[in-house]
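Peer 1: prediction below, plus the sequence it came from.
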Amino acid sequence: MDRIIRLGMVGGGPDAFIGAVHRKAAALDGHFDLVCGAFSRSYEKSQETGKALHLDQNRVYESYDHMFEEELKLPDDQRMDAVSIVTPNYVHFDPAKKALENGFHVIIDKPISFTLDEAKELNKIVQSTGNVLALTHTYTGYPMIKEAKQRIADGQIGKLRKIYVEYPQGWLATPLEEEGNKQASWRTDPEKSGAGGAIGDIGTHAANLAEYVSGLEITHLCADVRTNVEGRKLDDDSSALLKFGENVSGVLVATQIATGEENDLKIRLYGSKGGFEWTHTDPNTLLYKPHEEPTQILRAGTGYLTDLAAKNTRLPAGHPEGYLEAFANIYVEFANAVNDHRDGKYKSSDYYDFPDAAEGVRGMAFVTNMLKSSKSDQKWTEFSV
């Protein structure tokens, strides 16, 4: 029988963007109760966050190590079941590793880790412990993305031929990291973000979305990775030609210096019988483009959607759902997996509709391969994991 899952959090203190998003997404459907946290390296800031969230101050901890240690001392019907990790990239691996090894399930913001080797080790730990790890590649949670995925799998547009995925942002068109912007500072710092800037922050989203919707994996790429803003230590602009399985070709663009753009993620997929187009600026719409017929506008919440999209939709047609709901869809599937695990019915991560540790490995491999390809004189670089 399902019950509310007791959730802890690592990160998400004052002024943290993604921590608040995770908390709202977890709360949306009533499957989680946030019971504890280590919200900041500063114990004072962690306590401040705990008070704002009305938590028991005895369960607001000075570090994640202390949290895991103290939570394990609590009776089984009181201690946390799972932990949400919402820290910068360089503080992903250690808390995830320790949580899994101490019997806690993990939901973690992307990318899964700081390096590819860390991602591989986490995947091994998931396999050896049998615990659940979900990765929040948010855009896979949108109902109309799932609609496109299901219709492509059902053969509606025939044999897939071409994939375009683009993720333009403009917020790093100027050196915000030099102006004290917290989000810009760590995302452009190789000591905190890792080897990839834009390719790690949003390029991994674009690559994951293309693989999720198409059902195919990238096999080769030919990349151009650049840094445009003077003095910046990591890339802020990238593009790549892609090869997928089944002889499908693609194009990927991930840039944070597209001046004037907000968050305009877009994917287009074309097959022998038609195509699909989806954009984040109008997420409740999916355009279906059958061959030599008028374009059809498919809308979220309508009765003609597939079961996969319908079960991820909360509201009737015409009532917009967005980013938080898509995020929450991943939390719902994570909750299903955690409850099944508790009841001895866990079916392996492939059964549940959320990105897992294996996809996290592919995300870090994407960063590694993009950088390798960009530095190479060869046209194509094999996508190696």
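Peer 2: That came through, no problem. Given the structure is predicted, the values throughout are model-derived calculations rather than measurements.

Peer 1: residues of stretch 376-385 that come out buried?
Peer 2: Along stretch 376-385, these residues count as buried under the neighbour rule (16 or more other C-beta atoms under 10 Å): 381, 383. Where you see a C-beta, it was placed from the backbone N, CA and C, and this is true even at glycine.

Peer 1: pLDDT of that stretch, averaged?
Peer 2: Along stretch 376-385, the predicted confidence averages to a pLDDT of 97.

Peer 1: likewise stretch 241-248?
Peer 2: Model confidence over stretch 241-248, given as mean pLDDT, is 98.

Peer 1: in that stretch, what's buried?
Peer 2: Within stretch 241-248, the residues that qualify as buried by neighbour count (16+ other C-beta under 10 Å) are 241, 242, 243, 244, 248.

Peer 1: is it fair to say the second one lies in a strand?
Peer 2: Yes: with DSSP: H, G, I helix; E, B strand; the rest coil as the criterion, residue 242 is located in a strand.

Peer 1: in contact with it: list those residues for me.
Peer 2: Under the criterion of C-beta atoms under 8 Å, 6 or more residues apart in numbering, the neighbours of residue 242 are 163, 210, 218, 220, 221, 249, 250, 251, 252.

Peer 1: that one pairs with what?
Peer 2: Beta-bridge partners recorded for residue 242 (DSSP bridges): residue 221, residue 250.

Peer 1: so for stretch 55-63, mean pLDDT?
Peer 2: pLDDT averaged over stretch 55-63 equals 97, rounded to a whole number.

Peer 1: same question, stretch 229-238
Peer 2: Along stretch 229-238, the predicted local confidence has a mean pLDDT of 98.

Peer 1: returning to that earlier point: any of the contacts of residue 242 buried? List them.
Peer 2: By neighbour count, with 16+ other C-beta under 10 Å, those hold 163, 210, 218, 220, 221, 250, 252 as buried.

Peer 1: from residue 366, how far out is the residue nearest the centre of the chain?
Peer 2: What sits nearest the mean C-alpha location of the chain, by C-alpha atoms, centre = their mean, is residue 137, with 1.7 Å. Going from residue 137 to residue 366 by C-beta to C-beta, to the nearest Å gives 12 Å.

Peer 1: shared neighbours, those two?
Peer 2: Applying C-beta under 8 Å, 6+ apart, one finds that residue 137 and residue 366 are jointly contacted by residue 204.

Peer 1: tell me, how many residues neighbour residue 156?
Peer 2: Neighbour count for residue 156, taken as other C-beta atoms under 10 Å: 16.

Peer 1: my error: substitute residue 49 in the last question.
Peer 2: Residues within reach of residue 49, counting by other C-beta under 10 Å, total 24.

Peer 1: wait, is it part of a helix?
Peer 2: Yes: secondary structure assignment places residue 49 in a helix (three-state DSSP).

Peer 1: enumerate every residue touching the residue nearest to the centre of the chain.
Peer 2: Remark: with contacts taken as C-beta under 8 Å, 6+ apart, residue 137 is in contact with 110, 204, 205, 208, 209, 212, 330, 355, 359, 363.
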